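# After the sequence you'll find the predicted model.
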Protein chains: 2
Amino acid sequence: MKIKNMKYLFEPKTVAIIGASKEKGSIGNVILENYAKYKFKGKVFPINPKSKSIMGLKTYKSVLDVKEDIDLAVVVVPAKFVESVLTECYEKKVKAMVMITSGFDEIGNHVLADKIKKLINQNPEIPVVGPNCIGVMDVKTGSDTLFLPRDRIDRPKKGEVAFISQSGAVGSILLDWIAYKDFGISKFVSYGNACGCDESDLLEFFAKDHETKVIVSYLEGAVDGKKFFKTAKKVAKQKPIILIKGGMSEHGSKAVSSHTGSLSGNAEIYKAVVKQAGLVYAKTVQEMFDYARILAKEPPMKGKNVQIITDGGGFGVLATDALEDLNLNLAQMQKTHINKIKKSVPDYAVIKNPMDLVGDATDERYDVAIKHTLEDNNVDAILLIVLPQLPTLTPHIVDTITNHTKKKKKPIAVVFSGGHYAEKYRKILEKNGVTTFDYPSNAAKALKALYEFHN
Amino acid sequence: MKIKNMKYLFEPKTVAIIGASKEKGSIGNVILENYAKYKFKGKVFPINPKSKSIMGLKTYKSVLDVKEDIDLAVVVVPAKFVESVLTECYEKKVKAMVMITSGFDEIGNHVLADKIKKLINQNPEIPVVGPNCIGVMDVKTGSDTLFLPRDRIDRPKKGEVAFISQSGAVGSILLDWIAYKDFGISKFVSYGNACGCDESDLLEFFAKDHETKVIVSYLEGAVDGKKFFKTAKKVAKQKPIILIKGGMSEHGSKAVSSHTGSLSGNAEIYKAVVKQAGLVYAKTVQEMFDYARILAKEPPMKGKNVQIITDGGGFGVLATDALEDLNLNLAQMQKTHINKIKKSVPDYAVIKNPMDLVGDATDERYDVAIKHTLEDNNVDAILLIVLPQLPTLTPHIVDTITNHTKKKKKPIAVVFSGGHYAEKYRKILEKNGVTTFDYPSNAAKALKALYEFHN
């Protein structure tokens, strides 16, 4: 089944909320509010046979009563009504559907699930996300079916990472965390029971999405393993796919079948798939975030040679240990560049690898060090550690760093460690497109993922 | 050399700041301010031959001019004056010294360094921290020689972890981060060149400190390897010592000699020391924080059997994978307790391991689940995952959790993941003494460290 027109899930101009509700906090109320009261600029049509208007919007008994074309139908009616709603949507020729409703295979209601699947299969040109999911979010247009309370779940800003989650809860918590850290995403999909569109269809779509540079997939068990392998292998040649796989252990695999009801598959098989398809495997949520950001923002890393620059010797030592542990090399810079740096910094600075600009480092000292390091052909990437708390650094260090990273000559992973003060400037760096990390070990791991993807 | 009376470093009643300065932002100014304007309740004597008063305090030409006894002398004069200052301090019979001043062995000034060492060795009963360090901090009394700007470095609240750092920068950045996360410490020492007191002396002191339950040591190279091994082995029988060791790799070891000038020693030797002395080894800064908190706050973990409780199936799966990866067991609860829980929760909750209370879990559902799980003899610890963003949970979930954890029946590692909303309640949990984590993998690793320490 080849799904077309998936873009209407994310960029609809007209949206029908089927099961829109007046009841504050209910799913049908929250989703209507998402489209009617926030960023979304298109037209919204609440569908509810019992109301005349909700949130000041005229309410319709059925999508068939709406005169305009419908790009996206969001279905939140109880499971028993879904079959007739689907039939009406197909009659209306809606261009895409998100089916939030639960109560199908996941609770053993296979008869009803099969009826739904049959209908969906008969209309392969219409993408259906769900059922039993939290649906989609598009940062640019504000198409957003997330029904968790807005005061509890923040929405991320625009970025270049598309995020596909088999689990709605994992997906939404991670969105919340992404927003909190001021990272960005392009699009998000929680696809639940995957009756009409699975992880492979979404990979295929995001491969062509110009707003997406990196795809992240939280997967418990692929709906169709062979299709997933084939698609992932193809897409990974175009864009990095980061896989975080639940159920890699024996007991984790059993837990998956209690959770999403999918077969998580043997860990060895997935490890082989990762390797043969060229995926980037993230073992933890933290790794997933770090890999996604560095792959989306940094230019290719051509070799293994990393130069560490720091103003704290101890952090330089920890970074060295982390790089060596990951089998990355400490770059050996050329004498000409070393000498150029030495000319501009005090004698007591250590211009080796790690390069220690020491505790009284200034913005200018960093500027010189980064400039000449980037020019050195023996250096493939910089692991840049800045302790902004040290009193000789000013807030302008943010501009100094940004000026170098924005040219994207070589990957630069920036460790900006510490509390309130560091966090404030780390967030500005993130806004400026710089890839930041909390600790040297995280930056080293991310550089390793970047190197492996490009080599 | 046996050092006595180290308590005056942390709990002085009278402090002389030798080299106190009027110049805003200078080291002698910031340290005087620490004692004169913040938490410290004792008497402060600025020593500066050129001033009559600083910050409204009468200033003395020498410690010898002060009539009162001096518990702690903080030395910030230039290196060339240190010898005479030391002589005066010994004549004055000050009870402890922190020597911030740099410019000795670390810049090759061995002649001067040797003179200082000789003087210190002649007075073994007086503890001297430093030189070339940022010194000490005691949360309870406010004895605090940290000279980094307060608007850039936050101070942590009171906790039960003592923190010994060979690197001043690493130490202060981590203090800042600890404060930011609302974690606490008891005491902090950066001991620099360790001319008068090294990591082993400090271990010995903290072993007996009633306010310290766990000792963390950031070490690049022990001043005296044999002494360190012997002391660590003895102390680790009384309290957990968490070691984070810079220079574990070949190049990291070389970087250490550029940094602190110490011999970092062979990684294999340190690994053997960790094992034979019963230390807890933290590979990353994140691990160090997580291990310190769980060891300080949770009761002993008697066996390997962990019960996962969650309201998000996906996070339960990831936790299962993490536990199995670390060779911890999934507990198999007794039928009686399983049935008690089943009676109080809806049919669709999955009362296995992981126990999935599902997305509409209430505070009460968690209460029942935790209660009966704690009563089960097959369970040695709980990995408790709460997604507080889900709308059926109220802020009272914090009290529900706290009520169970405060009894300290069994270790409970709480994963409270997400953005602003989660962070707000996570911080309240931390204030309540609960051990919280950002992700399942961090909680699993910390439980493993707890298990290994107690078995």
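All right, it came through fine. Residues are numbered from 1 along each chain as shown, chains lettered A, B, ... in the order given.
# how much space between the residue of the stretch 351-455 of chain A found nearest chain B and residue A:438?
For the stretch 351-455 of chain A and chain B, the shortest gap (CB to the nearest CB) falls at residue A:419, measuring 3.1 Å. No exception for glycine: its C-beta is placed from N, CA and C like everyone else's. Separation of residue A:419 from residue A:438 (CB to CB, to the nearest Å) stands at 11 Å.
# same deal with residue A:393?
18 Å.
# Look at those two and report which has more neighbours.
residue A:393 (24 against 20; other CB atoms under 10 Å in any protein chain shown).
# Show the contacting residues for the more buried one.
Neighbouring residues of residue A:393 by CB atoms under 8 Å, 6 or more residues apart in numbering or on different chains: A:311, A:361, A:362, A:363, A:366, A:386, A:387.
# Tell me how many other residues crowd the third one.
When counting by other CB under 10 Å, one arrives at 19 neighbours for residue A:362.
# Kindly report the same for the fourth one.
Using other CB under 10 Å, residue A:363 has 17 other residues around it.
# my read: it touches residue A:394, true?
Yes: between residue A:363 and residue A:394 there is a contact at 5.7 Å, judged by CB atoms under 8 Å.
# what residues does the stretch 251-400 of chain A put near chain B?
Contacts of the stretch 251-400 of chain A with chain B, taken as CB under 8 Å from any CB of the partner chain, map to A:251-252, A:255-256, A:258-260, A:283-286, A:311-318, A:320-325, A:330, A:348, A:350, A:352-354, A:356, A:359, A:387-391.
# List the ones among these that fall in helices.
A:251-252, A:255-256, A:258-259, A:285-286, A:313-318, A:320-325 (DSSP state H).
# so where's the stretch 201-350 of chain A uncertain?
Confidence mapping of the stretch 201-350 of chain A against pLDDT under 70 gives the ranges A:260-265.
# if we go to 80?
A:257-267 (pLDDT under 80).
# Now do the strands in it.
With DSSP state E, counting those that start in this stretch as the criterion, the stretch 201-350 of chain A has strands at A:214-219, A:241-245, A:280-281, A:305-310, A:329-330, A:350-351.
# now these as JSON lines including mean neighbour count?
Below are the strands of the stretch 201-350 of chain A laid out as JSON lines (neighbours: other CB atoms under 10 Å in any protein chain shown):
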{"stretch": "strand A:214-219", "mean neighbour count": "27"}
{"stretch": "strand A:241-245", "mean neighbour count": "26"}
{"stretch": "strand A:280-281", "mean neighbour count": "22"}
{"stretch": "strand A:305-310", "mean neighbour count": "27"}
{"stretch": "strand A:329-330", "mean neighbour count": "20"}
{"stretch": "strand A:350-351", "mean neighbour count": "18"}
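# In JSON lines: the ones you listed, plus distance to residue A:379.
Output for the strands of the stretch 201-350 of chain A, formatted as JSON lines (distance: least, CB to CB, whole Å):
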{"stretch": "strand A:214-219", "distance to residue A:379": "24"}
{"stretch": "strand A:241-245", "distance to residue A:379": "26"}
{"stretch": "strand A:280-281", "distance to residue A:379": "23"}
{"stretch": "strand A:305-310", "distance to residue A:379": "5"}
{"stretch": "strand A:329-330", "distance to residue A:379": "10"}
{"stretch": "strand A:350-351", "distance to residue A:379": "13"}
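# Run the chain-centre distance for stretch A:236-249.
Centroid separation for stretch A:236-249 versus its chain: 12 Å, with CA atoms, centre = their mean, to the nearest Å.
# If you average the pLDDT over stretch A:438-454, what comes out?
Stretch A:438-454 comes out with an average pLDDT of 96.
# ok, the nearest residue to residue A:246 once chain neighbours are set aside - contacts?
With sequence-adjacent residues excluded and distances taken as CB to CB, 6 or more residues apart in numbering or on different chains, residue A:246 is closest to residue B:317, at 3.8 Å. Neighbouring residues of residue B:317 by CB under 8 Å, 6+ apart: A:167, A:220, A:246, A:247, A:252, A:255, A:256, A:259, B:354.
# can you map out the helices along the stretch 101-250 of chain A?
A:110-122, A:168-180, A:199-208, A:225-235, A:250-259 (DSSP state H, counting those that start in this stretch).
# Name the SS class of residue A:40, please.
With DSSP: H, G, I helix; E, B strand; the rest coil as the basis, residue A:40 sits in coil.
# I figured it hits residue A:144, correct?
Yes: look at residue A:40 against residue A:144 with CB under 8 Å: they come within range, at 7.1 Å.
# okay, and the common contacts of the two?
residue A:34.
# what about these two, which has more around it?
Using other CB under 10 Å as the criterion, residue A:40 and residue A:144 rank with residue A:144 on top: 24 against 18.
# Relative to residue A:99, how far out is the more buried one?
From residue A:144 over to residue A:99 (counting by CB to CB), the distance is 16 Å.
# One more: residue A:216?
23 Å.
# what does residue A:136 give?
11 Å.
# got it, and residue A:433?
For residue A:433 relative to residue A:99 (CB to CB), the value is 36 Å.
# go on, residue A:317?
54 Å.
# same deal with residue A:364?
In terms of CB to CB, residue A:364 sits 58 Å off from residue A:99.
# Then residue A:281?
From residue A:281 to residue A:99 the distance is 31 Å (CB to CB).
# Then residue A:268?
34 Å.
# What of residue A:148?
17 Å.
# quick one on the thing from earlier: out of the contacts of residue B:317, which comes closest to residue A:54?
Nearest to residue A:54 among the contacts of residue B:317 is residue A:167, at 30.1 Å by CB to CB.
# In space, what's closest to the closest one - neighbours in sequence excluded?
residue B:314 (3.2 Å).
# For the one you found, grab the count of nearby residues.
Quick note: residue B:314 (other CB under 10 Å) scores 30 neighbours.
# Same check on residue A:408?
Residue A:408 - counted by other CB under 10 Å - has 13 other residues nearby.
# Spit out the contact partners of it.
A:298, A:299.
# Now it, what are its backbone angles?
Main-chain torsions, residue A:408, degrees, to the nearest 10: phi 50, psi 40.
# For it, give its distance to residue B:448.
For residue A:408 relative to residue B:448 (CB to CB), the value is 40 Å.
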